[in-house]
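Engineer: no FASTA, just this:
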Ligand SMILES: Nc1ncnc2c1ncn2[C@@H]1O[C@H](COP(=O)(O)OP(=O)(O)OP(=O)(O)O)[C@@H](O)[C@H]1O
Ligand SMILES: [Mg+2]
């Protein structure tokens, strides 16, 4: 991308940055593999998040202090001023942004904070600073109520307008405007988000949401993480990669992350996990989910089965192998609603290699009829028996398996395969009921049940205790 000749001398550039500092704002960027904090991880880039935010929905997830709000404010100013504003031309050049993605000329946008105090604290002064000392008119900059700034843009009669709103205002306050973009900082209510969708509808505009997922598996998770929406761009900024975050703090974070991977998932990586009463706090995708590889034929293989007994309850089968050092490797997952036990037996066999030998299959003990059927009428090979369904003990054993073994490797890992994704969602979201005596009723835990049967089965087998 080359700069127009009119901008290309050093003095003009310096003057431009002084008059509108957005012109000189740069996103942080690095490429490659992390060598320091989580060796082997692909590093995140704020610039990539900026360049790729060209869909209808643009979601920048991230841990705390990663630079999400910086990302949001820069885009907010660019969309308000328009892609042909000289300051935005330079900004686009420095950050290698395809400016054809941003409308030309000034327009109106909204910048939405959770509440007005936050709007005052993290949006207004900072955006004012990016806009610079030029010709602009503020209304309510420091007031804990709605505020707006109108900015004169060279060559245009109309002005750029940024309105500062708060999610706390509720849906009604988000009606009756036509906008080119809305910028939402931190997760608010779905009702406000839906209203914002209406506001950008006329202009085929865009929505931008920057957030740390700290509220559990909410509507954002349902709409943009559980389902893949081709109109949405989602990205995770990771705190380790923010060069503006102090090194000494990163060292402290690293110690805590080692003790508490669930904390690191939420606060450092910005992953969705439930917070309150989460059962498997030590399950972390970055620790326990690994690339798939061929399982050597000598490793003992097992299955865990949960029978889907009513509509809406899937029949689930999970396959796991025992690595010679004792690590349990979960390598295949089958999940299907309705259908007969005969059908499931056929499908499970179809998924296996013809030469695959399964030693043990531990099944949901609540349905002895189906276990009998898998032994006698629709045999699936190996020793098929009741799993141990003592929930507390089973959960404890899965928790132990998630911890590092003597060599530092986790006691259980899961292959990174699309079919296993629903199981990871179950791990993230599984919660205790009030009082923490048992898991909350009505959760999706069919996959987790199969893991309980397998872990308990393998561990008891190793201790020489028969199960079933
Ligand atoms: N591109 C950048 N240029 C300069 N400073 C940056 C940049 N990106 C991030 N920072 C700095 O990193 C820190 C965190 O940034 P920011 O407030 O945007 O993060 P956040 O993810 O929104 O944090 P929080 O979770 O507290 O909302 C701030 O001090 C910010 O100024
Ligand atoms: Mg922020």
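Structural biologist: Arrived safely. Since we're looking at a predicted model, the values are computed, not measured. Residues are numbered from 1 along each chain as shown. Ligands and ions are numbered 1, 2, ... in the order given.

Engineer: Report the contact partners of residue 272.
Structural biologist: Counting by C-beta atoms under 8 Å, 6 or more residues apart in numbering, residue 272 touches 213, 216-217, 221, 225, 428. Quick note: C-beta positions are derived from backbone N, CA and C, even for glycine.

Engineer: out of those residues, which are inside strands?
Structural biologist: Among those, no member falls in strands (criterion: DSSP state E).

Engineer: between the residues you listed, which is nearest ligand 1?
Structural biologist: residue 213 (11.2 Å; C-beta to the nearest ligand atom).

Engineer: Return the residues of this structure in contact with ligand 1.
Structural biologist: 26-28, 46, 62, 64-70, 212, 242, 244-245 (C-beta under 6 Å from any ligand atom).

Engineer: what's the most distant pair in the contacts of residue 272?
Structural biologist: The largest separation in the contacts of residue 272, counting by C-beta to C-beta, is between 216 and 225 at 11.9 Å.

Engineer: Would you mind telling me which of these two has the busier surroundings?
Structural biologist: Set residue 216 next to residue 225 and count neighbours by other C-beta atoms under 10 Å: residue 225 wins out with 20 against 17.

Engineer: these two touch, right, that one and residue 232?
Structural biologist: No. Assessed by C-beta atoms under 8 Å, residue 225 is found out of contact with residue 232, at 9.8 Å.

Engineer: residue contacts, the residue nearest the centre of the chain?
Structural biologist: By C-alpha atoms, centre = their mean, the chain has its centre lying nearest to residue 271, at 4.3 Å. Neighbour list for residue 271: 61, 213, 236, 265, 285, 428 [criterion: C-beta under 8 Å, 6+ apart].

Engineer: Where is pLDDT lowest across those residues?
Structural biologist: pLDDT across the contacts of residue 271 is lowest for residue 285, at 78.

Engineer: Tell me how many other residues surround that one.
Structural biologist: Neighbours around residue 285, by other C-beta under 10 Å: 17.

Engineer: One more: residue 329?
Structural biologist: There are 19 residues near residue 329, going by other C-beta under 10 Å.

Engineer: Can you list the strands that the helix or strand hosting it pairs with?
Structural biologist: If you go by DSSP states H and E, residue 329 is part of strand 328-336. In the sheet, strand 328-336 lines up against strand 315-322 (antiparallel), strand 412-415 (parallel) (DSSP bridges).

Engineer: Can you give the contact residues for the last one?
Structural biologist: This points to strand 412-415. 288-293, 320, 327-332, 398, 401-402, 420, 423-424, 451, 455.

Engineer: From those residues, keep the buried residues only.
Structural biologist: 288-290, 320, 327-332, 398, 401-402, 420, 423-424, 451, 455 (16 or more other C-beta atoms under 10 Å).

Engineer: Would you map the strands across the stretch 1-150 of the chain?
Structural biologist: 57-62, 108-113, 136-139, 147-151 (DSSP state E, counting those that start in this stretch).

Engineer: Phi first, then psi, for the residue lying closest to residue 221 once chain neighbours are set aside.
Structural biologist: The shortest distance from residue 221 to any non-neighbouring residue, by C-beta to C-beta, 6 or more residues apart in numbering, is to residue 272 (4.9 Å). The phi/psi pair for residue 272 (degrees, to the nearest 10) reads phi -80, psi 120.

Engineer: What of residue 169?
Structural biologist: According to degrees, to the nearest 10, residue 169 has phi -60, psi -20.

Engineer: burial of it, as a residue count?
Structural biologist: Residue 169 has 16 nearby residues by other C-beta under 10 Å.

Engineer: nearest residue to residue 25 other than its sequence neighbours?
Structural biologist: Residue 25's closest residue in space is residue 74 (C-beta to C-beta, 6+ apart), at 5.4 Å.

Engineer: On the three-state scheme, the residue in the stretch 151-300 of the chain that ligand 1 sits nearest to is what?
Structural biologist: Residue of the stretch 151-300 of the chain nearest ligand 1, by C-beta to the nearest ligand atom: residue 244 (3.6 Å). Three-state call for residue 244 (DSSP: H, G, I helix; E, B strand; the rest coil): coil.

Engineer: likewise the one 5 residues further on?
Structural biologist: For residue 249, the secondary-structure state derived from three-state DSSP is helix.

Engineer: possible to save the contacts of residue 272 as CSV with distance to residue 106?
Structural biologist: Shown next, in CSV, are the contacts of residue 272 (distance: C-beta to C-beta, whole Å):
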residue, distance to residue 106
213, 34
216, 39
217, 39
221, 35
225, 34
428, 42
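
Engineer: Fine by me, thanks again.
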